[in-house]
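Asker: sequence first, predicted model second:
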Amino acid sequence: MFITLEGIEGSGKTTQMPIIVQFLKSKGHEVVMTREPGATEIGQKIRSILLDPENSTISPLCELLLYAADRAQHLDHIVLPSLEAGKTVLCDRFADATTVYQGAARGIDPLLIKDIHAVVPGNLKPHLTFLFDLDPKTGLARTFDALAHGERGHKESRFERESLDFHHRVRQGYLALARQERDRFVVVDASLSRDEISGNIIAELEKFLFIQHL
Ligand code: TMP
């Protein structure tokens with residue numbers, strides 16, 4: 001089973017990862033926790049290029065192709081072998097992030113993104129995607145706080161420096177995807193407390209696992 005988490009910066013999805021892993025393990029799943037970009041050794045190098053604020057001159061196409069390159073390596077080395085071995089893969093961001101960040105927010109032609117997605121990730125789609133929905137002002141305030149307290153490195157702050165408008169387009173892009181694919185997406189209210197969010201996610205996962213077994 002392939003589960004992804006998506007959302008704007010500071011929406012709290014990374015914090016929920018271990019809680020989701022623990023729950024899935026309690027249900028007998030062997031879980032692989034991973035992320036994009038940067039899950040593989042080569043991906044880590046690509047991540048450092050993509051997120052470094054010094055690389056502000058990166059062209060939109062270069063950015064798009066680097067995310068696709070990271071994904072190709074990730075699929076070959078982690079995601080596909082894990083799924084083939086019957087494991088459950090829980091991934092912090094996947095191809096929806098490209099559709100939304102490079103497409104809806106950056107303005108790259110969605111048809112080009114579709115063509116690239118036909119190659120990477122090809123036919124692979126998550127079975128379930130949690131979208132952590134939050135007002136970008138709140139999300140960005142949280143990430144700037146994390147940057148100020150050293151919980152996130154300045155070397156990884158290129159997207160945090162984008163305009164508020166950019167982040168609004170990301171949020172709206174995600175919500176539009178969730179409306180298009182209601183069967184796959186679960187929209188989580190990320191303004192709630194950490195415990196309320198975990199409770200809601202676990203309730204949704206219980207429902208999803210129950211339906212899978214029918
Ligand atoms: P994160 O690991 O803290 O979520 O940072 C990853 C950043 O990369 C985040 O700002 C979203 C962005 N991103 C894209 O723009 N396109 C993509 O395809 C992916 C996976 C992430």
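Answerer: Received, thanks. Numbers count the residues shown, from 1 in each chain.
Asker: for this protein, give me the ranges with low pLDDT.
Answerer: The chain contains no residues with pLDDT under 70.
Asker: near the ligand, which residues of it show up?
Answerer: Within the chain, the positions near the ligand by C-beta under 6 Å from any ligand atom are E9, R35, E36, P37, L51, Y67, R93, A97, T98, Y101, Q102, F159. C-beta: built from backbone N, CA, C; applies to glycine.
Asker: list of residues touching the longest helix along the chain?
Answerer: Secondary structure assigned by DSSP state H gives helix 194-212 as the longest helix of the chain. Defining contact as C-beta atoms under 8 Å, 6 or more residues apart in numbering, one finds that helix 194-212 is touched by 1, 12, 15-16, 19-20, 23-24, 27, 127-128, 130, 132, 186, 188-190, 192.
Asker: stretch 94-106 too?
Answerer: In contact with stretch 94-106 (C-beta under 8 Å, 6+ apart) are residues 4, 6, 36, 60, 63-64, 67-68, 71, 108-110, 113, 116-117, 121, 126, 129, 159, 162, 166-167, 169-170, 172-174, 176-177.
Asker: and it, end to end?
Answerer: The straight-line separation of the ends of stretch 94-106 (C-alpha to C-alpha, to the nearest Å) is 17 Å.
Asker: find the residue at the geometric middle of the protein.
Answerer: In the chain, the centroid-proximal residue (C-alpha atoms, centre = their mean) is R93; its distance is 1.6 Å.
Asker: who are the contact partners of the nearest residue to that one once chain neighbours are set aside?
Answerer: Counting by C-beta to C-beta, 6 or more residues apart in numbering, E36 is the residue found nearest to R93 once chain neighbours are left out, at 4.7 Å. Contacts here follow C-beta under 8 Å, 6+ apart; on that basis E36 touches G43, Y67, D70, R71, H74, C91, D92, R93, F94, A97.
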